[in-house]
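Colleague: Predicted structure and sequence below. I'll ask about it afterward.
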Amino acid sequence: MSMTTRRGTERPVRRSSRLNKGKNTGSLSGSSATSTTSAATAAAGPSSASRARNCINATEHRNQPYSLRRKSSTSSVELEKWCAPVNLQTRSKRSRLNHQKDVHGHCSSNTDENFLQNDVPDEILIKIFSYLLERDLCMSACVCKRFNELVNDITIWKRMYQNVYELSLPLLRPAPAKFKFVQPDKTDHFNIWKESFRVLYNAVHVRPGYCHKVYNSPEMFNGRDIQYCDTIEEALSTVEGQDYPLILVHEGVYSGEWLYIDSPVCIIGAAMGNIPDNVVVENCKDSTFIFIDGCEDSYLGHLSIRFTPDPNSSSHHKNSCIEIGTNCWPTIDGCAVQSKSQVGCAVSVNGKGAAPVIKNCIINKCENVGLYINDHAQGTYVDNEISNNALAGVWVKNYANPIIRRCHVHDGRDVGVFTFDNGLGYFDKCDIHDNRIAGFEVKAGANPTVVHCEIHHGQTGGIYVHENGRGEFIDNKIHSNTFAGVWITSNSDPTIRGNEIFNGHQGGVYIFGEGRGLIENNNIHSNALAGIQIRTNSNPIIRGNRIHDGQHGGIYVHEKGKGLIIENEVYSNTLAGVWVTTGSCPELRRNRIHSGKQVGVYFYDNGHGTLEDNDIFNHMYSGVQIRTGSNPLIRRNKIWGGQNGGILVYNGGKLYIFSL
């Protein structure tokens, strides 16, 4: 063994022969190097010997076994930054042995102080770091550049993130009450798992039994500062008074809690896979979640929310899964909502200032109404699945005015969307189909706006407007309904504009019982009965439509029907282009009626009306037929190309012609 001395003391310091074995002879720690240096210093004099001893002692101190030098201390502010990762795209391949020069310029091998920092392979260090908790990892990242790189390994943070939060994907929080799951391969973050871990770190966790586990085994959680609760109520009490606190509800069924939300709290389900399948919150006596004044920008996301009243109870159970009251505008995101109450809806939004954002939710298999919006309430409802409910999928009444976009409303045991009692609303790009009654019903002064929707395969009709209903239906696809695509009756006056109405199992548009309305610029085709049917004192305006390829007639006016029929193109229908019968008296002006497989315009059984400035041509029968007591006024028309003549009057028909 070699012996060296420290400066200022005669106590010997023993070096291990194991540490010196196999070292380069140029190393300052070798015995031959020591003797050579002693001889040189003796010849050079006392001052040279002193300088040499200083160099030797400095090197000796640096080469002490397992002596890791600390960098300058790191402030708590820097730790809060979670040790931003170093960009190592330009980092060269690390050598297994790192050579450096000693004080005399000779190469010496790596010493024990650098063993962990430089010599241990990356894979082993990553394995070691994987056993640390988050605070220890962040402290380790401050040791050196290499540790900083390895501590930020994606696999370490992904494993820890999924262990702590039990979420399959990273979750970001771009705003206090806004959360977004992201795909790891579709983000610009260097380490999205670590970023998500940081974003969610201050959350309170609802994880039954875990609080007891942390209390009994504190040594397992050194380096972690996370708070756990057993119930959601307990968590709400814990975060009371905080700004936008976050509560993560882990896998389990949470029953019978009284959850009144009166602050801007964020509550999110946390489980692997499909979260709502694994995190269930239910109640059997009161509404499951009740949002009251003060909740403001609260957030409720990714839970299964149920109201399941006791069937043997005699109480009324007029409660809901979610109640949103006056001046509340929470966000409900990605929840599965189901109510078994036969008198209470699944989601109730009621009162002035109630304006939630409800998105990506599933509201289905409820024993009453799915979504109920009432009494001047508003809100935005986007990308929801509303299906298989006993009554309407959506009710809008009493001046409520929601915005409903891209919702899928289907397979209801009643109507799909029901607006009544002066209900309003803007419905955009919704898919409404396979409901037992109409896809969309408008009643009693309701006046919704429905645009770019697809309303189809209704087991009765597509759109049903009655009892003074109004509304605007613009640029929709209305098709494949069992009865008429659009029904208008009992003094209702809607606007039907720019729609495609086709493949109805009966007619396209059916106006009866003193119905009115503006039917304008629609493409009405391929229906089993008439494209437009007007009867029983109804008096609509039919303007600018294309009515063609029907399996029956184009326009059928009967039983004292009226109407202004103007500037339409009616062609290629199986029967007459226009039928007027049984006391009806419409006005037909500036229409093009052509290429029919029978007659162009057919008046019979006391059909009357005015036929003026029309172009009627190329029919397989005559252009106009008048019979059995009919007496229309015909003037300034072009009637040509009929294979059976222009105008045919027979069987008691009359004709008063001004000019052709």
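Modeller: Great, that's in hand.
Colleague: where does the stretch 201-350 of the chain dip in pLDDT?
Modeller: 314-317 (pLDDT under 70).
Colleague: Strands along that one, start to end?
Modeller: Remark: strands assigned in the stretch 201-350 of the chain by DSSP state E, counting those that start in this stretch are 204-206, 227-229, 246-250, 252-255, 259-261, 266-270, 279-283, 289-291, 299-301, 304-307, 322-324, 331-333, 336-339, 347-350.
Colleague: and Ser304, bridged to which residues?
Modeller: Val280, Ala336 (DSSP bridges).
Colleague: Now for it: which residues touch it?
Modeller: By CB atoms under 8 Å, 6 or more residues apart in numbering, the residues touching Ser304 are Gly269, Pro276, Asp277, Val279, Val280, Val281, Cys335, Ala336, Val337, Gln338. C-beta: built from backbone N, CA, C; applies to glycine.
Colleague: Could the C-alpha coordinates of stretch 566-577 be exported in PDB?
Modeller: Extracted in PDB, the C-alpha atoms of stretch 566-577 (Å, rounded to 0.1, in the frame of the first residue of the first chain):
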ATOM      1  CA  ILE A 566     -94.700  30.500 -57.100                       C
ATOM      2  CA  GLU A 567     -91.400  30.100 -59.000                       C
ATOM      3  CA  ASN A 568     -91.000  26.300 -58.400                       C
ATOM      4  CA  GLU A 569     -89.700  23.700 -60.700                       C
ATOM      5  CA  VAL A 570     -91.900  20.600 -60.700                       C
ATOM      6  CA  TYR A 571     -90.800  17.700 -63.000                       C
ATOM      7  CA  SER A 572     -90.400  14.000 -63.600                       C
ATOM      8  CA  ASN A 573     -93.200  12.900 -61.100                       C
ATOM      9  CA  THR A 574     -95.100   9.700 -61.600                       C
ATOM     10  CA  LEU A 575     -98.600  11.300 -61.500                       C
ATOM     11  CA  ALA A 576     -99.600  14.900 -62.200                       C
ATOM     12  CA  GLY A 577     -97.200  17.700 -61.600                       C
END
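Colleague: Can you get me the centre-to-centre distance for it and its chain?
Modeller: How far stretch 566-577 lies from its chain's middle: 44 Å, per CA atoms, centre = their mean, to the nearest Å.
Colleague: Show residues contacting that stretch.
Modeller: Contacts for stretch 566-577 (CB under 8 Å, 6+ apart): 531, 541-555, 578, 587-602, 616, 619.
Colleague: confidence score at Ala377?
Modeller: Turning to Ala377, the model gives it a pLDDT of 97.
Colleague: quick one, what contacts the closest residue to it other than its chain neighbours?
Modeller: Residue nearest to Ala377 in three dimensions, not counting chain neighbours: Ala354, with 4.1 Å by CB to CB, 6 or more residues apart in numbering. Applying CB under 8 Å, 6+ apart to Ala354 gives the contacts Ile324, Gly325, Thr326, Asn327, Cys328, Trp329, Ala377, Gln378, Gly379.
Colleague: Once you drop chain neighbours, what's closest to the third one?
Modeller: In this structure, Thr326 finds its nearest non-sequential neighbour in Gly351, 3.6 Å apart by CB to CB, 6+ apart.
Colleague: Quick one: residues contacting that neighbour.
Modeller: Contacts of Gly351 (CB under 8 Å, 6+ apart): Gly325, Thr326, Asn327, Asn374, Asp375, His376, Ala377.
Colleague: need the strands for the stretch 551-660 of the chain, in chain order.
Modeller: Going by DSSP E, counting those that start in this stretch, the stretch 551-660 of the chain shows strands at 555-558, 564-566, 569-571, 578-581, 587-589, 592-594, 601-604, 610-612, 615-617, 624-627, 633-635, 638-640, 647-650, 656-657.
Colleague: Quick one: closest of those to Val182.
Modeller: Nearest to Val182, of all these, is strand 569-571, at 51.2 Å by CB to CB.
Colleague: Relative to the closest one, what are the paired strands and their orientations?
Modeller: Here, using DSSP bridges, strand 569-571 pairs with strand 546-548 (parallel), strand 592-594 (parallel).
Colleague: could you give the mean pLDDT of the first one?
Modeller: In this case it means strand 546-548. Mean predicted confidence for strand 546-548 is 98.
Colleague: repeat for the last one
Modeller: When pLDDT is averaged over strand 592-594, the result is 97.
Colleague: ok, and what's touching that strand?
Modeller: 554, 568-571, 577-578, 600-601, 614-619, 641.
Colleague: Distance check, the spatially closest residue to Ala530 that is not a sequence neighbour against Thr460.
Modeller: Nearest non-adjacent residue to Ala530, counting by CB to CB, 6+ apart: Tyr556, 3.8 Å away. As defined by CB to CB, to the nearest Å, Tyr556 lies at a distance of 20 Å from Thr460.
Colleague: Look at these two and report which has more neighbours.
Modeller: Tyr556 (25 against 17; other CB atoms under 10 Å).
Colleague: So what pairs up with that one in the strands?
Modeller: Here Tyr556, judged by DSSP bridges, has bridge partners Gln533, Trp579.
Colleague: That one touches Asn527, doesn't it?
Modeller: No - the pair Tyr556 and Asn527 does not pass the contact test of CB atoms under 8 Å, sitting 11.1 Å apart.
Colleague: Give the residues shared as contacts by those two.
Modeller: Joint contacts of Tyr556 and Asn527 (CB under 8 Å, 6+ apart) are Gly507.
Colleague: which residues in this protein form helices?
Modeller: 17-20, 31-44, 46-62, 76-80, 122-129, 134-140, 145-151, 154-165, 192-199, 210-216, 232-238, 275-278 (DSSP state H).
Colleague: still on that earlier bit, can you tell me which of the contacts of Ser304 is closest to Gly209?
Modeller: Val279 (15.4 Å).
Colleague: For the most centrally placed residue in the chain, list the residues it contacts.
Modeller: In the chain, the centroid-proximal residue (CA atoms, centre = their mean) is Asn360; its distance is 4.0 Å. Going by CB under 8 Å, 6+ apart, Asn360 touches Asp333, Gly334, Val382, Asp383, Asn384.
Colleague: measure it to Asp613 for me?
Modeller: Going from Asn360 to Asp613 by CB to CB gives 54 Å.
Colleague: Poorly predicted segments of the chain, please.
Modeller: For the chain (pLDDT under 70), the answer is 1-117, 314-317, 657-660.
Colleague: how about 50 then?
Modeller: 1-110, 660 (pLDDT under 50).
Colleague: Stretch 208-227: end-to-end distance?
Modeller: Terminal residues of stretch 208-227 lie 12 Å apart, using CA to CA, to the nearest Å.
Colleague: who touches that stretch?
Modeller: 132-136, 164, 201, 203-205, 228-231, 238, 250, 252.
Colleague: which among the residues you listed end up buried?
Modeller: For the contacts of stretch 208-227, a burial check counting by 16 or more other CB atoms under 10 Å picks out Leu132, Leu133, Glu134, Val164, Ala203, Val204, His205, Tyr228, Cys229, His250, Gly252.
Colleague: nearest to Cys345, of these?
Modeller: When those are compared for distance to Cys345 (CB to CB), Gly252 comes out closest, at 26.2 Å.
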